[in-house]
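Asks: Predicted model and sequence below, questions to follow.
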Amino acid sequence: MKQFQTALDGYSLVTTQSISEHTRSSVNNLTTEQLKEGEAELALILSLTQQAFEANSPVQGIMKTLTERLQALRNKSTPVVWERLASLAQTHPVTSFLLQDPLTRWSFEKPRGYSGDAYLLDFIYEHPTVAAQVKEASALGAEVYDFTRRAASAVAVRERRDILAAHVDELAAANSDAEVLAIAAGHLREAELSHALRSERLKRWVALDQDPISVGTVSSNYHGSRVEAINGSVRTILGRAQKLGTFDFIYAAGLYDYLAENVAVKLTERCLQMLKPGGKFLLANFAKDIGVEGYMETFMNWPLIWRTERDILAIIDKLKHPLADSSVTRGENGGVIYAVLTV
């Protein structure tokens with residue numbers, strides 16, 4: 001059955017071009033020598049990886065070495081060179097081994113038309129909805145999946161889900177009429193962990209997403225609960241196209257990784273305006289240098305805008321809305337940076 005595709009475009013203000021432009025914003029000029037050196041090293045890395053798979057070497061060791069070598073190559077390449085190398089890697093025969101992993105394959109093929117969709121996160125969450133696809137994977141694919149689901153990025157995503165649920169529960173413990181807004185909510189899997197939702201200690205939890213499949217999934221899963229699933233995007237929020245009301249807590253956990261800084265500033269400003277007095281806004285962004293960017297950008301075909309604490313602070317510094325408090329921290333494994341802004 002053909003998958004419904006939702007392309008990220010001007011409607012959402014999230015585009016692959018914006019990510020590429022962000023990456024290239026401070027690059028060196030591409031030189032033939034740099035590219036040739038990178039191509040030669042990449043060819044060696046992938047050839048050795050292919051040989052190891054063909055020799056039935058231990059998969060965990062193969063994946064660890066591949067990930068480390070790709071990361072080292074990415075770190076020493078200019079962004080323009082790396083972009084070319086990533087494209088080359090995706091056409092190498094070694095992909096026939098790596099794409100047997102259902103997580104890598106879903107990310108690479110993008111059945112919904114964009115990176116990081118809610119179903120991809122379900123593979124990371126090891127959610128029951130993907131159990132059949134995981135079970136159908138080859139023996140090799142299952143072993144590769146065992147590596148990718150334990151990667152630093154995957155651990156950080158699961159921790160992020162736990163952190164979001166904890167924030168909602170903490171809010172509801174103090175205010176049983178609390179109103180929550182999740183932007184780019186996906187399948188809202190954090191709600192499955194929320195004690196507040198189960199005990200109905202919330203007034204409403206709005207799950208906004210531009211993917212109609214995700215909106216439909218949330219609507220079906222939480223029919224009759226305090227959760228409201230709404231179709232919307234960054235553009236509809238900025239354009240005030242929807243009357244969503246005001247909230248005690250707003251969060252955007254999987255969105256800023258795709259937003260150029262100017263859009264990130266505008267969205268943050270608008271979210272702060274939608275908060276009640278004393279309300280909080282949380283944004284999350286994948287951190288730079290967590291060691292898996294090379295694999296994610298090649299064989300998972302998952303480009304992101306990786307940021308540092310300084311990059312997040314630069315967004316906050318450009319805000320005009322007054323803040324009562326702000327904090328910028330990392331999760332326990334360091335893979336995601338969180339900013340919590342209180343008005």
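Replies: Okay, I see it. Residues are numbered from 1 along each chain as shown.

Asks: Leaving out the residues flanking it, which one is nearest to residue 42?
Replies: residue 85 (5.1 Å; Cβ to Cβ, 6 or more residues apart in numbering). Just so you know, the C-beta spots here come from the backbone N, C-alpha and C atoms, and that holds for glycine as well.

Asks: hang on, I meant residue 53
Replies: Nearest non-adjacent residue to residue 53, counting by Cβ to Cβ, 6+ apart: residue 97, 4.4 Å away.

Asks: So that neighbour, which state does it fall into?
Replies: Judged by DSSP: H, G, I helix; E, B strand; the rest coil, the three-state class of residue 97 is helix.

Asks: what about it, how many neighbours?
Replies: 21 (other Cβ atoms under 10 Å).

Asks: what sits against it?
Replies: 49, 50, 53, 140, 144 (Cβ atoms under 8 Å, 6 or more residues apart in numbering).

Asks: got a winner among these for most neighbours?
Replies: Counting neighbours by other Cβ under 10 Å, residue 144 leads the contacts of residue 97 with 26 neighbours.

Asks: Following the chain onward from the strand or helix carrying that residue, which element is next?
Replies: Here residue 144, judged by DSSP states H and E, is contained in helix 139-148. Using DSSP H and E, the next helix or strand after helix 139-148 towards the C-terminus is helix 152-174.

Asks: Summarise which helices and strands the helix or strand just after that following helix is packed against.
Replies: Next helix or strand after helix 152-174 toward the C-terminus (DSSP H and E): strand 179-183. Helices and strands touching strand 179-183, as assessed by 3 or more Cβ pairs under 8 Å, 6 or more residues apart in numbering; DSSP states H and E, comprise helix 152-174, strand 204-209, strand 247-252.

Asks: State the mean pLDDT of strand 179-183.
Replies: When pLDDT is averaged over strand 179-183, the result is 98.

Asks: try stretch 282-292
Replies: 97.

Asks: list the buried ones in it?
Replies: Using 16 or more other Cβ atoms under 10 Å as the test for burial, stretch 282-292 gives 282, 283, 284, 285, 286, 287, 290, 291, 292.

Asks: Over to stretch 206-224?
Replies: Applying 16+ other Cβ under 10 Å to stretch 206-224 flags 206-211, 213-215, 217-219, 221-222 as buried.

Asks: Residues contacting that stretch, please?
Replies: 4, 6, 8, 11-12, 112, 117-118, 179-188, 191, 227-233, 237, 244, 247.

Asks: Now with 7 Å, please.
Replies: 4, 6, 12, 112, 117-118, 180-188, 191, 227-233, 244 (Cβ atoms under 7 Å, 6 or more residues apart in numbering).

Asks: And stretch 316-327, by the same measure?
Replies: Contacts of stretch 316-327 (Cβ under 7 Å, 6+ apart): 265, 268, 269, 272, 273, 339, 340, 341, 342, 343.

Asks: If we use 10 Å, what do you get?
Replies: 261-262, 264-266, 268-273, 275, 277-283, 312-313, 328, 338-343 (Cβ atoms under 10 Å, 6 or more residues apart in numbering).

Asks: Buried among these? Need that as a selection in ChimeraX.
Replies: Buried residues within the contacts of stretch 316-327, by 16+ other Cβ under 10 Å, are selected in ChimeraX with:
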select :261,264,265,266,268,270,271,272,275,279,280,281,282,283,312,328,338,339,340,341,343
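
Asks: can you tell me which of the contacts of stretch 316-327 are in strands?
Replies: Mapping the contacts of stretch 316-327 onto strands (DSSP state E) picks out 275, 277-283, 328, 338-342.

Asks: Let me have those residues in JSON lines, extended by distance to residue 174.
Replies: Output for the ones in strands among the contacts of stretch 316-327, formatted as JSON lines (distance: Cβ to Cβ, whole Å):
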{"residue": "275", "distance to residue 174": "15"}
{"residue": "277", "distance to residue 174": "14"}
{"residue": "278", "distance to residue 174": "10"}
{"residue": "279", "distance to residue 174": "12"}
{"residue": "280", "distance to residue 174": "12"}
{"residue": "281", "distance to residue 174": "17"}
{"residue": "282", "distance to residue 174": "16"}
{"residue": "283", "distance to residue 174": "22"}
{"residue": "328", "distance to residue 174": "23"}
{"residue": "338", "distance to residue 174": "20"}
{"residue": "339", "distance to residue 174": "21"}
{"residue": "340", "distance to residue 174": "15"}
{"residue": "341", "distance to residue 174": "18"}
{"residue": "342", "distance to residue 174": "13"}
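
Asks: Can you tell me which of those is closest to residue 45?
Replies: residue 338 (33.4 Å; Cβ to Cβ).

Asks: Hmm, residue 285 is touching residue 261, no?
Replies: No. Taking contacts as Cβ atoms under 10 Å, residue 285 lies outside contact range of residue 261: 11.0 Å.

Asks: where do the contact lists of those two overlap?
Replies: 305, 307, 311, 315.

Asks: isn't the last one right next to residue 305, touching?
Replies: No. Under the criterion of Cβ under 10 Å, residue 315 lies out of contact with residue 305, with a separation of 11.2 Å.

Asks: Now do residue 127: how many residues are near it, please.
Replies: Per other Cβ under 10 Å, the neighbour tally for residue 127 reads 16.

Asks: Against residue 210, how distant is it?
Replies: According to Cβ to Cβ, to the nearest Å, residue 127 stands 21 Å off from residue 210.
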